[in-house]
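In: no sequence for this one, just the structure:
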């Protein structure tokens, strides 16, 4: 079982719709969770971090964390073609030091006109 | 862009040759990381550093070594490059303070080993 799992997609949504991206993780003691966006040929760009159960909103983005069920999700409201990218989920586990993150393989999002 | 540069940005080399990739940061961050990114595997940690001369292995460290003699530079060396090391390499940093576990990435180096 992978430590951080994401559906590879592609996830296709029409412009203006809500895109929902999901991520599950195996380390039950994980405390820090991150979403990155990566355009093709570019480096990952931090969108949001979340540390507590519940929702965290930042503009059109909402991160949701449920530690009991070991999943974290990212909602993108009013999706735009410019949101088309691969979204990476990252988790900081309990074991090991150095602020190490474990990344999922990413979900490709396509926002269609 | 968190003040991170990587050099070279692209490199083609031959099997068996040594290769050194450089990550340079301008903001005195303590933590620096090297990742490789491959289709189907995502980002995997190679090595990381938590200070000058302080480094540790990540999950895919075999065939790689690192050095950090100055705060601003973190070098990744492939002693004898193999075709399996063809990949995109990203450097990352963690800032100090309340966001110390957040990582910001450099622009990447695309390495091809023939």
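Out: Nice, I can see it. Worth saying up front: this structure is predicted, and the values here are computed from it rather than measured.

In: for residue A:47, see how far away residue A:56 is.
Out: 11 Å (CB to CB, to the nearest Å). (C-beta placed from N, C-alpha, C; glycine too.)

In: residue B:99 too?
Out: 14 Å.

In: more neighbours, these two?
Out: Neighbour count, other CB atoms under 10 Å in any protein chain shown: between residue B:99 and residue A:47, residue A:47 has more, with 18 against 13.

In: so what's the more buried one up against?
Out: A:35, A:36, A:37, A:58, A:61, A:74, A:87 (CB atoms under 8 Å, 6 or more residues apart in numbering or on different chains).

In: of the residues you listed, just say which sits nearest to chain B.
Out: Nearest to chain B among those is residue A:36, at 8.0 Å by CB to the nearest CB.

In: pLDDT wise, what is the closest one at?
Out: As predicted, residue A:36 sits at a pLDDT of 98.

In: repeat for the one 4 residues further on
Out: The confidence metric pLDDT takes the value 95 at residue A:40.

In: over to residue B:2?
Out: 67.

In: can you give me the strands in chain B?
Out: With DSSP state E as the criterion, chain B has strands at B:4-7, B:10-13, B:19-25, B:31-38, B:42-51, B:54-57, B:64-70, B:73-78, B:87-94, B:104-105, B:109-113.

In: export those strands as TSV, with columns for mean neighbour count and distance to residue A:25.
Out: Formatted as TSV, those follow (neighbours: other CB atoms under 10 Å in any protein chain shown; distance: least, CB to CB, whole Å):
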stretch	mean neighbour count	distance to residue A:25
strand B:4-7	18	27
strand B:10-13	13	34
strand B:19-25	19	27
strand B:31-38	24	18
strand B:42-51	21	13
strand B:54-57	15	22
strand B:64-70	16	26
strand B:73-78	20	27
strand B:87-94	23	19
strand B:104-105	23	20
strand B:109-113	18	29
